[in-house]
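Asks: here's my sequence, what's the structure:
(one chain, ligands or ions: 1)
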Amino acid sequence: MTGPDPRDDAAPTAGWRAVDLIAAKRDGAELDEGALAWLIDGYVAADGPVSDAQMAAFLMAGLCRGFSDAEAAALTRVLVASGDVVDTGGLPAPVVDKHSTGGVGDSTTLLVAPLVAAAGATLVKLSGRGLGHTGGTLDKLEAVPGLRTDLEPDELHGIAARVGCAVAAQSPRLVPADAALYALRDVTATVPDPALIAASVMSKKLAGGAPTLVLDVKAGRGAFLPTPDAARDLAGRCARIGHAAGRQVAALVTAMDQPLGTAVGNALEVGECARLLAAPPRGRLAAVALELASHLVAAGRQADAERPDAVAIAAVRDELARRWAEGEASERLRALIAAQGGDPAVVDDPDGVLPHAPVRRAVPAPRAGTVRAVDARAVGELVARLGAGRAAKGEAIDPAVGLRLHVEVGSAVAAGEPLAQVHAREDAAADAAAAALLACVEIGEEPVEAAPLVHAVVG
Ligand code: URA
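Replies: Numbers count the residues shown, from 1 in each chain. From the prediction side, this is the model:
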């Protein structure tokens, strides 16, 4: 190594060179916080000493050699320090936050936020937009006419205090280094590293300011991590980073092999959530939302930092199911939408308020049998191609397009029975999506057992 040893605390930062740190990582060294801070700050700063090529090489070296827990925690602190931290002081306790690692038909935030608010907690959530095959909460909310997500910090605070929940776009001042790194990871095949994902997720959660966090770490075909074991490893890393920062963290490893809800597409998902909140919880999307909310509320109410036990969580689950069935969560969703400038009538009349796609196409089952799989990733990709998602950041999307699934794994279908209904802007797009949907749904002879919705809880 030609420069100073990056692992030597006494090494003068001015003497560091990116090439030496890349080589150290390539050769399996563990870098300390000083070295990581020098690299990240040197990459993010305008005209800094670390180029795109060098940061990409460093990330790939780390992905191949692995990052330790200490490196992931240090990286998280460096990312948080690159921007502002949200002030949640003065909000009614407990203040909680949730995060999903990204899925298809996963609109749990639209259910969890009003539900935890109905139970007296305050949820302040900074969300992202959909990218690739996964959807984003901001895109879904913005399908509601008039609704704004570009809230100033004071506005966010005020709405959260009044309504019990607020969901806003992440400000460019919040963890800007993560935004820069994520954009580079996205185009250099360095997203699926558990330490990099953990640092990215946890930096945003720590900067979000909530003391109690629940993470929904997805596992399966439609997730970043294909297996429950890999997702459990990520969940553990996130929890350890959060605990070291003094936060209460539970991470649920949940299934993302098939779309979670029956709707995929922005307005369609808002409509599904409004309809779900109008009746007692039912179906997989409601079950996962109820589980996430139960962990959040139970942990938030726990005075000490201990994880609530199963009995406490079960009691909260019963309470939340009752509040849901009695319309309290629906009422909070109405208040949240109104406070953020949207038309609250959407909660009672989603079809009358949300934008519609002009072309609807039923997709009939080609044969009778049992649905053995619905490929979440392929469904997410076909819905993105319809216009509901974007291939690159900043692209415009169509809030109205998407599809409604009429089947899930385990459903028995007759030949010709509709598997789904595609909502498209044009006939040609509807035809292409219908053909693609057929390839996503596997129909077989044998009955199939549905996989568990929650694989593990890591706390
Ligand atoms: N979600 C994030 O916020 N960051 C990642 O790196 C992956 C998923």
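Asks: ranges for the helices of the stretch 201-350 of the chain?
Replies: Applying DSSP state H, counting those that start in this stretch to the stretch 201-350 of the chain gives helices spanning 228-244, 266-277, 283-301, 310-325, 328-339, 350-353.
Asks: so what does the fifth one touch, helix or strand wise?
Replies: In this case it means helix 328-339. helix 108-118, helix 153-163, strand 165-169, helix 266-277 (3 or more CB pairs under 8 Å, 6 or more residues apart in numbering; DSSP states H and E). The C-beta positions use only the backbone N, C-alpha and C, and glycine is treated the same way.
Asks: and the contacts of it?
Replies: Applying CB atoms under 8 Å, 6 or more residues apart in numbering, the contact partners of helix 328-339 are 110-111, 113-115, 117-118, 144, 147, 159, 162-167, 273-274, 277-278, 323, 343-344, 346-348.
Asks: before we move on, the earlier item: got JSON lines for the helices and strands packed on helix 328-339, with mean pLDDT too?
Replies: What follows is those, written out as JSON lines (pLDDT from 0 to 100):
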{"stretch": "helix 108-118", "mean pLDDT": "98"}
{"stretch": "helix 153-163", "mean pLDDT": "94"}
{"stretch": "strand 165-169", "mean pLDDT": "94"}
{"stretch": "helix 266-277", "mean pLDDT": "98"}
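Asks: among the ones you listed, which is the most enclosed?
Replies: helix 108-118 (a mean of 28; mean count of other CB atoms under 10 Å).
Asks: and the angle for that helix with strand 165-169?
Replies: Interaxial angle, helix 108-118 versus strand 165-169 (axes from the mean of the first three to the mean of the last three CA atoms, to 10 degrees): 150 degrees.
Asks: tell me the pLDDT of the nearest residue to R275 once chain neighbours are set aside.
Replies: Closest residue to R275 apart from its sequence neighbours, by CB to CB, 6 or more residues apart in numbering: P350 at 6.6 Å. pLDDT, P350: 98.
Asks: quick one: P350 and Q302, what's the gap?
Replies: Going from P350 to Q302 by CB to CB, to the nearest Å gives 36 Å.
Asks: which one of those two has more residues nearby?
Replies: Shown here are P350 and Q302; by other CB atoms under 10 Å, P350 has more neighbours (20 against 16).
Asks: dump the residue contacts of that one.
Replies: Counted by CB under 8 Å, 6+ apart, P350 has contacts 270-271, 274-275.
Asks: how about the helices of the stretch 201-350 of the chain in a markdown table, adding distance to the ligand?
Replies: Converted to a markdown table, the helices of the stretch 201-350 of the chain look like this (distance: least, CB to the nearest ligand atom, whole Å):
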| stretch | distance to the ligand |
| --- | --- |
| helix 228-244 | 9 |
| helix 266-277 | 19 |
| helix 283-301 | 16 |
| helix 310-325 | 25 |
| helix 328-339 | 23 |
| helix 350-353 | 28 |
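Asks: out of the ones you listed, which is closest to D97?
Replies: Comparing the helices of the stretch 201-350 of the chain by their distance to D97 (CB to CB), the top pick is helix 283-301, with 8.2 Å.
Asks: that closest one to helix 108-118, inter-axis angle?
Replies: 40 degrees.
Asks: burial measure for the residue in the stretch 251-400 of the chain positioned nearest to the ligand, as a count.
Replies: Nearest residue of the stretch 251-400 of the chain to the ligand: M256, at 12.4 Å (CB to the nearest ligand atom). Residues lying near M256 (other CB under 10 Å) number 31.
Asks: I figured it hits D216, correct?
Replies: No - using CB atoms under 8 Å, M256 makes no contact with D216, being 9.3 Å away.
Asks: what sits in contact with each of those two?
Replies: When contacts are counted by CB under 8 Å, 6+ apart, M256 and D216 have D106 as shared neighbours.
Asks: ok, L296 - contacts?
Replies: Taking CB under 8 Å, 6+ apart, we find L296 in contact with 96, 98, 112, 116, 121, 123, 212, 214.
Asks: can I get those in a markdown table with distance to L39?
Replies: Converted to a markdown table, those look like this (distance: CB to CB, whole Å):
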| residue | distance to L39 |
| --- | --- |
| V96 | 33 |
| K98 | 30 |
| V112 | 36 |
| V116 | 38 |
| A121 | 38 |
| L123 | 34 |
| T212 | 32 |
| V214 | 31 |
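Asks: which pair of the residues you listed spans the longest distance?
Replies: V112 and T212 (12.8 Å).
Asks: and the residue nearest the centre of the chain, its phi and psi?
Replies: For the chain, the residue nearest the mean C-alpha position is S100 (2.9 Å; CA atoms, centre = their mean). Phi and psi for S100, reported as degrees, to the nearest 10, are phi -110, psi 140.
Asks: my understanding was that it contacts L111; is that so?
Replies: No - assessed by CB under 8 Å, S100 is found out of contact with L111, at 11.9 Å.
Asks: closest one of the contacts of L296 to L131?
Replies: The closest of the contacts of L296 to L131 turns out to be K98 (CB to CB; 18.9 Å).
Asks: what sits against the residue lying closest to the closest one once chain neighbours are set aside?
Replies: Spatial nearest neighbour of K98, chain neighbours left out: V214 (4.9 Å); criterion: CB to CB, 6+ apart. By CB under 8 Å, 6+ apart, the contact set of V214 is 96-99, 249-252, 292, 295-296, 299.
Asks: please report how far the closest residue to R317 other than its chain neighbours lies from D52.
Replies: Computed as CB to CB, 6+ apart, the closest residue to R317 that is not its neighbour in sequence is S294, at 4.2 Å. From S294 across to D52, the span is 43 Å (CB to CB).
Asks: which one of those two is surrounded by more residues?
Replies: S294 (26 against 13).
Asks: who's in contact with that one?
Replies: So S294 contacts 313-314, 316-317, 320 (CB under 8 Å, 6+ apart).
Asks: what's the answer for A180, then?
Replies: So A180 contacts 43-44 (CB under 8 Å, 6+ apart).
Asks: so what's the backbone phi/psi at it?
Replies: phi -70, psi -40.
Asks: picking up where we left off before, wait, which of the helices and strands packed on helix 328-339 is closest to V85?
Replies: Smallest distance to V85 across those (CB to CB): 10.6 Å, for helix 153-163.
Asks: hmm, who's touching that closest one?
Replies: Identification of contacts with helix 153-163 by CB under 8 Å, 6+ apart yields 86-88, 90-92, 117, 122-124, 151, 165-166, 168, 171, 332, 335-336, 339-340.
Asks: now, of these, which are buried?
Replies: For these, a burial check counting by 16 or more other CB atoms under 10 Å picks out 86, 88, 91, 117, 122-124, 151, 165-166, 168, 171, 332, 335-336, 339-340.
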